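**Q** give me a 3D structure for the following:
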Amino acid sequence: MTSQAIVKETKDKMEKAVHHVADQLKTIRTSRASPALVDNIRVDYYGQMTPISQMAQISIPEPRQIMIKPFDGSALQEISKAIQKSDLGIQPQSDGKVLRLTMPPLSGDQRKKYAARVKELCEEAKIALRNVRRDQNKHADQLWKDGDLTEDENKKLHEDIQKLLKEHEDKVQQHQDKKTAEVMEV
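**A** Numbering: from 1, shown residues only. As a prediction, this is how the structure comes out:
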């Protein structure tokens, strides 16, 4: 394996970690409604656990409201039950055709709790990034020991891996700052 291949592999793994944390952050509640809040909720639909997004049209008619219109009207009750069981803490209102989820404003304590969760998820992502760096540095050292890299090439590879780590940690920090600002917004 060449040093370019190691750099590319490092970048790919770090990108995956950043995308993963970005996806996780979408599910954290803010004062505004977002279709991502119901993305991870699964409904028992004819014996299969199915994501709501595959069973219904999800829209945001108002800044604090999510509207869920099932493709199959008979699934309305099951979707409602799944939302009630979820950790969203919102009671869906049904008119027989659609479900409406009205987002109550977050209290100060809730905001702090969600902001702490954002920080926790981002810290986990940074740890994952550092683990990628550690593994790739070990890989580079092994290539050096095997004689596939010179000492200078190995040192340069370590520097490149460290630079990638810094870039991706900055991306995670940007996601954290943005989401924390959204959560704390009144």
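**Q** only C-alpha atoms from now on, for both contacts and neighbour counts.
**A** Noted.
**Q** residue ranges with poor pLDDT in this protein?
**A** 186 (pLDDT under 70).
**Q** which stretches of it form helices?
**A** Using DSSP state H, the helices of the chain run over residues 3-26, 76-85, 108-145, 151-184.
**Q** report the buried residues of the third one.
**A** Yep, that's helix 108-145 we're talking about. By 16 or more other CA atoms under 10 Å, the buried positions in helix 108-145 come out as 111, 114-115, 118-119, 121-123, 125-126, 128-130, 132-133, 136-137, 140-141, 143-144.
**Q** returning to what we had before: redo the helices of the chain as TSV? Include distance to residue 56.
**A** Putting the helices of the chain into TSV (distance: least, CA to CA, whole Å) gives the following:
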stretch	distance to residue 56
helix 3-26	19
helix 76-85	9
helix 108-145	27
helix 151-184	26
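**Q** tell me which of those helices approaches residue 47 most closely.
**A** Taking CA to CA as the measure, those were each checked against residue 47, and helix 76-85 came out nearest at 11.3 Å.
**Q** which residues touch the closest one?
**A** Outside of helix 76-85, the residues that reach it under the criterion CA atoms under 8 Å, 6 or more residues apart in numbering are 38, 41-45, 52, 70, 90-92, 96-99.
**Q** which among the residues you listed count as buried?
**A** 38, 41, 42, 43, 52, 70, 91, 92, 98, 99.
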